[in-house]
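> Okay, structure incoming, though there's no sequence with it:
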């Protein structure tokens with residue numbers, strides 16, 4: 001047992017034993033078992049939140065989840081992040097024969113074996129990503145989504161040198177390492193705040209002896225933060241949204257509606273021309289986008305009907321409606337997500353996978369609708385100006 005990876009902290013009548021594990025090391029699980037067997041702790045803290053714990057413990061059940069229900073429950077972002085992390089781990093597992101997360105599973109099993117209280121010590125991953133999302137601008141949001149999606153479809157191999165570096169990070173940190181280099185302010189929600197959250201949860205764990213199974217990168221921060229008091233409620237607050245994007249988002253459709261309404265009052269024929277132009281440009285281009293994704297005919301029709309309406313409401317998107325129809329008719333389960341990292345290795349697999357098809361329908365229908373809004377909006381203004389000065 002290497003004492004280099006174990007940090008002992010005494011505070012009052014409590015002893016905290018931090019095991020700095022390497023999430024991609026075969027030896028970490030063995031060390032976790034050995035430490036818990038020897039120390040016989042009152043509580044075992046693991047670096048998982050409730051959703052990741054459920055994913056670990058009920059993997060097969062998670063695969064059978066209805067994706068339509070997942071989207072309806074607004075858990076699509078979490079599912080996408082799980083897919084990204086899973087794909088990232090699969091690449092490591094395939095290349096090096098390693099199953100990331102074994103040390104956490106061992107911590108769970110050892111806690112049960114010794115009747116120790118199991119504490120899920122990490123912050124909800126959705127809160128972490130919400131706080132990351134709230135700290136970046138529009139360009140940053142686009143870059144983050146590109147990196148997340150890119151990590152899903154990437155076939156790039158990981159070098160031995162990169163693997164050694166990953167042994168000092170957790171999976172989320174490793175996956176977003178390049179992104180955080182562009183946005184250093186994200187170190188706070190991604191690492192610093194999690195160190196504070198983890199330290200408070202460890203400190204609040206019951207009993208006089210507590211073992212914590214952690215990624216090695218978190219140990220120095222937790223060692224520093226554990227003597228301080230941290231407000232868990234404050235650390236789990238979702239960031240307040242700026243009103244500027246909402247104002248801009250509503251101003252454009254209100255302006256379009258006002259222009260068409262005014263035109264109708266002074267020249268009904270021109271008003272009908274504007275309405276037809278807006279409907280055809282939005283509906284047709286959104287439907288073409290859905291068709292390009294090989295959507296079901298009803299999903300294509302949905303995109304055509306929804307686009308002219310959703311383009312006037314920033315809270316809605318034509319691709320969502322088309323995607324829901326596609327998911328309803330060709331309903332996949334999360335098992336299809338599990339196959340995604342293999343399917344995207346071929347063009348045939350990419351187009352045949354039900355999940356990828358839904359993503360394509362949503363994205364391309366929305367892109368078509370956005371293009372239709374731009375072209376249709378210009379034509380609405382053109383007719384308005386011609387009518388005004390004609």
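Perfect, I can see it now. Not measured: the values here are computed from a predicted model. Numbering: from 1, shown residues only.
> and the longest helix seen in the chain, what does it pack onto?
With secondary structure taken from DSSP state H, the chain has its longest helix at helix 354-389. Applying 3 or more CB pairs under 8 Å, 6 or more residues apart in numbering; DSSP states H and E, one finds that helix 354-389 makes contact with helix 244-266, helix 268-292, helix 297-310, helix 318-329, helix 334-343. All C-beta spots, glycine's among them, are computed from the backbone N, C-alpha and C.
> Listing request: residues of the stretch 201-350 of the chain with sub-threshold pLDDT.
Applying pLDDT under 70 to the stretch 201-350 of the chain picks out residues 334-335, 337, 340-350.
> what about 80?
Across the stretch 201-350 of the chain, the ranges flagged by pLDDT under 80 are 239-246, 248-249, 333-350.
> tell me which element residue 213 falls in.
Using DSSP states H and E, residue 213 maps to strand 209-215.
> Let me know the angle separating the longest helix of the chain from helix 297-310.
For helix 354-389 against helix 297-310, the angle by axes from the mean of the first three to the mean of the last three CA atoms, to 10 degrees is 40 degrees.
> From residue 218, how far out is residue 225?
10 Å (CB to CB, to the nearest Å).
> Which one of these two is surrounded by more residues?
residue 218 (25 against 20; other CB atoms under 10 Å).
> Secondary structure class of the more buried one, three-state.
Three-state call for residue 218 (DSSP: H, G, I helix; E, B strand; the rest coil): helix.
> Ok, the one 10 residues further on next?
For residue 228, the secondary structure call by three-state DSSP comes out as coil.
> What residue spans form the domains of the protein?
Listed by automatic domain parsing, the domain ranges of the chain are 3-235, 244-389.
> deepest of those, which one?
Most buried of the domains of the chain by mean neighbour count (mean count of other CB atoms under 10 Å) is domain 244-389; its value is a mean of 19.
> what about that domain, start to end distance?
33 Å (CA to CA, to the nearest Å).
> what's the nearest residue to residue 117 once chain neighbours are set aside in contact with, if anything?
Leaving aside its sequence neighbours, residue 117 sits nearest to residue 43 (CB to CB, 6 or more residues apart in numbering; 4.2 Å). With contact taken as CB atoms under 8 Å, 6 or more residues apart in numbering, residue 43 is in contact with 111, 116, 117, 118, 119, 205, 206, 207, 209, 210, 211.
> Beta-bridge partners for residue 43, please?
Under the criterion DSSP bridges, residue 43 forms beta bridges with residue 117, residue 210.
> Return the distance of residue 56 relative to residue 103.
11 Å.
> low pLDDT regions in the stretch 1-150 of the chain?
Residue ranges of the stretch 1-150 of the chain with pLDDT under 80: 1-4, 22-27, 55-101, 132-150.
> need the helices for it, in chain order.
If DSSP state H, counting those that start in this stretch is used as the criterion, the helices of the stretch 1-150 of the chain fall at 27-39, 50-57, 59-63, 67-72, 76-96, 102-113, 125-133, 138-153.
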